[in-house]
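Asker: Generate coordinates for the sequence data below:
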Amino acid sequence: MASITTKEARRERPQLRAIETPGRSRHRMLLIASLVAFVIGLGSIGGGVAGAVYTYNQAATENVVTPDDASISEADVRGPLTMKAQVDIIRDHTLERTGGLYYAEMPRSVERLDENGNVVLDENGEPVMVPNSARDIWLTATNLTTALNLGIMAYALAAFAVVVGLALVVNGAVFLSLRKSSLGTA
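Answerer: Below you'll find the model as predicted:
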């Protein structure tokens, strides 16, 4: 009788493999889903908190205080409510200075006036036109309100990240609970 080589013996021997049962597969999927939900949820919570802290610190470095005629008067501008109060009062003050006109409603140039308020004329008797400096007020106001509105948006996004993170952590806990309860029945 010829001797069987190791290679041939392996071929003839039935392979012993772990048989993947539907219950085992479900347990593994629940474990993976719970771990993914926990990791992403905790990362989202951390990112949201870090975003809110960063926004607060950036606002604090500016040392802005709302004026006494703002809806939240004489308060440090740090959070979304004081930022909104500052945005509103900047818009109100700008409208007061421009006679109730917005940037696009004002002419690009206006007649030049002398110290007595009379129109300055050129050699041909035509009024001398100069850029409308009142429009520049709107440019400054728009820059300021845009920065403040971005701060408000950053706080909203941070809150959203924290809420979604909490929901994912809860989902992870539910998946683990389902896994544990199905292990008992398998």
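Asker: Which elements pack onto the helix or strand harbouring residue 182?
Answerer: Assigned by DSSP states H and E, residue 182 belongs to helix 133-185. Packing partners of helix 133-185 (3 or more CB pairs under 8 Å, 6 or more residues apart in numbering; DSSP states H and E): helix 22-62, helix 80-97. Any C-beta I mention is one placed from the backbone N, CA and C, and that applies to glycine too.
Asker: Against which helices or strands is the longest one packed?
Answerer: Same thing as helix 22-62. In terms of contacts (3+ CB pairs under 8 Å, 6+ apart), helix 22-62 is packed against helix 133-185.
Asker: What of the shortest one?
Answerer: Counting contacts by 3+ CB pairs under 8 Å, 6+ apart, helix 80-97 is packed against helix 133-185.
Asker: The helix it packs on versus helix 22-62: what angle between them?
Answerer: Counting by axes from the mean of the first three to the mean of the last three CA atoms, to 10 degrees, helix 133-185 points 150 degrees away from the direction of helix 22-62.
Asker: Could you check how far helix 133-185 is from the centre of its chain?
Answerer: Centroid separation for helix 133-185 versus its chain: 6 Å, with CA atoms, centre = their mean, to the nearest Å.
Asker: Return the backbone torsion pair for the spatially closest residue to residue 77 that is not a sequence neighbour.
Answerer: Spatially, and ignoring its direct neighbours in sequence, residue 77 is nearest to residue 64 (4.1 Å; CB to CB, 6 or more residues apart in numbering). Main-chain dihedrals, residue 64, degrees, to the nearest 10: phi -90, psi 140.
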